[in-house]
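# No sequence on hand, only this structure:
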């Protein structure tokens, strides 16, 4: 549609047409800037043909102790490329190819000053406004559901799996305990993923020798819980979910859960909602 549009309802209700017109103008400008950068970077890395990606991540953190931090990072084809150092207002190159762009962007003193100003002075007020707009959604607490299961593994071992889902906010601690002691060093997790409904989910697995008698349990800590959630592994009952400590029997009939991991690709070298530093030129001249 070639338009910047709000996604959550609370953004649509609190920002007017002028805000989205400005977002659209920047997005269209960055389409051109990114195209030029992709062309020059492809030549620089001798990868001009095929599918290539530039990604940018920037923003600011507002921590519980009220301290703040800002960050900016670029990547090319999934590899680190450049990171902004706010203290020195210079760029940190991840490889030899990025050195050319680093030298060019280091020389753009005014742009770098504007980046530092934005990340330290402009981003936090905008973040506070967004938190106020969406406080009913962003500051809610949703308790997790935990379920343990098992399956046969190699060499007679058994893999225990603890699936924790439906929780918000994202931060959570999930560990397997054996006889009450943490086994975190021998567990595996694919990280915390979005569920698609505004909550998150994660899996933590561990291999055990079923011949060794021990008590295993999945231990969950989350700010929505008044006390940690502990779900024991019982081979005959491994498909019974535990919801915040309450056992609920359900019938599972061919349910398939699909998880989509979304990586936002942001165009251009621009710092966010208003007060943007200049774009400068493409990433590099090979």
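Done, it's in. From a predicted model like this one, the values you see are computed outputs, not experimental measurements.

# and residue 158, what are its bridge partners?
residue 152, residue 208 (DSSP bridges).

# In contact with it, which residues?
150, 151, 152, 207, 208, 209, 210 (CB atoms under 8 Å, 6 or more residues apart in numbering). Placement of C-beta: from N, CA and C, glycine included.

# Out of these, which end up buried?
Buried by 16 or more other CB atoms under 10 Å: 150, 208, out of these.

# and the two most separated of the contacts of residue 158?
The most widely separated members of these, counting by CB to CB, are 151 and 209 (14.6 Å).

# What pLDDT does the model give the residue of the chain most remote from its centre?
In the chain, counting by CA atoms, centre = their mean, residue 211 sits farthest out from the average C-alpha position, at 39.4 Å. You'll see residue 211 listed with a pLDDT of 90.

# what's the weakest-modelled helix or strand in this structure?
strand 246-247 (a mean of 42; mean pLDDT, DSSP states H and E).

# quick one on the thing from earlier: identify the residues contacting the residue farthest from the centre of the chain.
By CB under 8 Å, 6+ apart, the neighbours of residue 211 are residue 156.

# For it, pull up the helix or strand it's in.
For residue 211, there is no host helix or strand (DSSP states H and E).

# I'd like the distance between it and residue 77.
47 Å (CB to CB, to the nearest Å).

# what does residue 26 give?
Taken as CB to CB, the span from residue 26 to residue 77 is 24 Å.

# now swap in residue 17 and tell me
Counting by CB to CB, the gap from residue 17 to residue 77 is 37 Å.

# buried set for stretch 4-13?
Under the neighbour-count criterion of 16+ other CB under 10 Å, stretch 4-13 has residue 10 buried.

# can you check stretch 38-46 too?
38, 40, 41, 42, 44.

# So which of residue 17 and residue 77 has more stuff around it?
Remark: of residue 17 and residue 77, residue 77 carries more neighbours, 15 against 7, as counted by other CB atoms under 10 Å.

# Now do the phi/psi pair for that one.
Main-chain torsions, residue 77, degrees, to the nearest 10: phi 50, psi 40.
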